[in-house]
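Engineer: Structure of the sequence below:
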Amino acid sequence: NQSLPAGGGHGRGRHQHAQRHSRLQVPKHPCAPAWPPSCPWLAPPPCSLLKGSAPFTSLCRSPGTGYYSTLQSYDLPYPEAIFELSFFFHNPKPFFTFAKELYPGNYRPNTAHYFLRLLHDKGLLLRLYTQNIDGLERASGIPASKLVEAHGSFASATCTVCRRPFPGEDFWADVMVDSVPRCRVCAGVVKPDIVFFGEPLPPRFLLHLADFPVADLLLILGTSLEVEPFASLSEAVRSSVPRLLINRDLVGTLARHPRGRDVVQLGDLVHGVKRLVELLGWTEEMQDLIQQETGKVRIAEQSQEGRFLCCGVGPPGMEPQ
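Structural biologist: Numbering: from 1, shown residues only. Prediction:
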């Protein structure tokens with residue numbers, strides 16, 4: 001039951017954190033990435049998984065990001081207003097202009113997403129809890145029944161007046177031509193089903209009450225574990241259950257209250273996932289899956305391109321994540 005550090009960071013404080021998570025040191029550098037020789041904890045299902053993203057607050061407050069610069073160009077009282085319901089009802093136009101920057105079609109699933117898909121294909125994934133709103137987990141082929149999108153997604157939308165549901169395709173058809181989506185029945189503004197500040201989390205989030213007590217392994221990938229109640233899920237598994245963190249930083253309760261069976265890999269998420277795939281002997285399967293799904297994505301893009309051209313606008317540019 002080794003708990004292993006991984007590095008990328010320097011300094012005494014970071015090293016002390018790593019020491020609490022490790023009984024195995026790498027000779028060349030005390031903070032270098034290290035993995036166990038095998039990963040038997042992935043063998044028995046079920047497995048719960050937490051996957052994060054930069055929360056809305058970070059998008060709005062980080063001067064070094066392109067999103068921050070974009071928000072500065074809008075007529076907003078303060079950057080966070082773009083994700084506040086009161087401002088949305090007052091003036092929805094800035095949000096829908098910004099939504100084009102977040103368009104799910106601008107990005108593609110990467111190795112980390114397809115690793116999660118492979119876990120599902122092997123019957124190892126109990127549930128994937130994600131803070132992402134980009135829909136890339138769906139795009140990788142993970143069925144909706146296996147997903148809990150804690151902050152919602154752009155896959156569907158709802159009229160803010162009559163509450164009529166709309167598919168995401170209808171919503172984006174208006175957004176991409178710089179039009180505020182309107183309900184075809186009552187003309188109310190149609191809002192994507194993402195969670196704005198102050199809104200409750202989707203009802204599916206309550207599945208954690210049943211999922212986490214029966215999980216045999218908790219994987220935590222690419223999250224700051226700062227936003228509640230999502231962050232507390234890292235403590236919801238039984239104390240005997242291993243928790244594997246692949247992340248740039250040591251975060252949440254894994255930093256404050258580490259457990260004896262915690263495994264920590266710090267550094268680039270995709271690199272860490274690739275290393276884990278190699279250790280599991282799944283590299284060839286991963287390559288086959290990525291090749292297969294990439295072909296499907298290209299066909300879908302061609303179909304989407306034709307649909308947008310029919311709407312009178314060019315297709316959004318594709319930027320692999």
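Engineer: hang on, Gln287 is in a strand, isn't it?
Structural biologist: No. Gln287: not assigned to a strand; according to DSSP: H, G, I helix; E, B strand; the rest coil it is helix.
Engineer: Would you map the helices across the stretch 151-300 of the chain?
Structural biologist: 168-175, 208-211, 252-256, 269-280, 283-310 (DSSP state H, counting those that start in this stretch).
Engineer: what's the closest of these to Phe197?
Structural biologist: helix 168-175 (20.2 Å; CB to CB). Yep, even glycine has a C-beta here, placed from its N, CA and C like the rest.
Engineer: which residues are in contact with the strand ranked longest in the chain?
Structural biologist: Longest strand of the chain, by residue count under DSSP state E: strand 152-159. Residues outside strand 152-159 that contact it (CB atoms under 8 Å, 6 or more residues apart in numbering): 99, 102-104, 132-135, 138, 164-168, 170-172, 181, 183, 185-186, 188-195, 202.
Engineer: would you turn the helices of the stretch 151-300 of the chain into TSV with mean neighbour count?
Structural biologist: Below are the helices of the stretch 151-300 of the chain laid out as TSV (neighbours: other CB atoms under 10 Å):
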stretch	mean neighbour count
helix 168-175	18
helix 208-211	14
helix 252-256	17
helix 269-280	18
helix 283-310	13
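Engineer: In terms of mean pLDDT, which of these ranks lowest?
Structural biologist: Confidence, taken as mean pLDDT, is least for helix 283-310 of these (a mean of 75).
Engineer: any idea how far Ala215 is from Leu119?
Structural biologist: To Ala215, Leu119 is 12 Å away according to CB to CB, to the nearest Å.
Engineer: Give me the pLDDT for the residue nearest to Ala139 when sequence neighbours are not counted.
Structural biologist: Leaving aside its sequence neighbours, Ala139 sits nearest to Pro109 (CB to CB, 6 or more residues apart in numbering; 5.2 Å). Looking at Pro109, its pLDDT reads 91.
Engineer: Please give the number of neighbouring residues around Pro109.
Structural biologist: Residues lying near Pro109 (other CB atoms under 10 Å) number 25.
Engineer: Could you list which of the contacts of strand 152-159 belong to strands?
Structural biologist: Short answer: these in strands (DSSP E) are Pro165, Phe166, Pro167, Val190, Lys191, Pro192, Asp193, Ile194.
Engineer: Dump those to CSV, plus distance to Ile290 and pLDDT.
Structural biologist: Converted to CSV, the ones in strands among the contacts of strand 152-159 look like this (distance: CB to CB, whole Å; pLDDT from 0 to 100):
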residue, distance to Ile290, pLDDT
Pro165, 33, 95
Phe166, 32, 93
Pro167, 27, 91
Val190, 34, 96
Lys191, 34, 96
Pro192, 28, 94
Asp193, 29, 95
Ile194, 27, 92
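Engineer: Kindly write the PyMOL command that selects the buried subset of those.
Structural biologist: In PyMOL syntax, the buried subset of the ones in strands among the contacts of strand 152-159 is picked out as below (16 or more other CB atoms under 10 Å):
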select buried, resi 166+190+191+192+193+194
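Engineer: List just the nearest of the ones in strands among the contacts of strand 152-159 to Leu245.
Structural biologist: Ile194 (25.9 Å).
Engineer: From one end of stretch 206-222 to the other, what's the distance?
Structural biologist: Stretch 206-222 has an end-to-end distance of 22 Å (CA to CA, to the nearest Å).
Engineer: the helices in the stretch 1-150 of the chain, which residues?
Structural biologist: 12-20, 56-61, 66-72, 85-90, 93-99, 111-121, 136-139.
Engineer: what sits up against the longest one?
Structural biologist: With contacts defined as CB under 8 Å, 6+ apart, helix 111-121 is touched by 42, 47, 49, 51, 109, 125, 128, 136-137, 139-143, 146, 221-222, 269-270, 273-274, 276-277, 282, 285-286, 289-290, 293.
Engineer: what's across from Ile246 in the sheet?
Structural biologist: Ile246 has these beta-bridge partners by DSSP bridges: Leu221, Gln265.
Engineer: Counting neighbours, what do you get for it?
Structural biologist: For Ile246, using other CB under 10 Å, the count is 25.
Engineer: nearest residue to Cys239 other than its sequence neighbours?
Structural biologist: Residue 239: Ser, not Cys. Arg259 (6.3 Å).
Engineer: I am finished for the moment; much appreciated.
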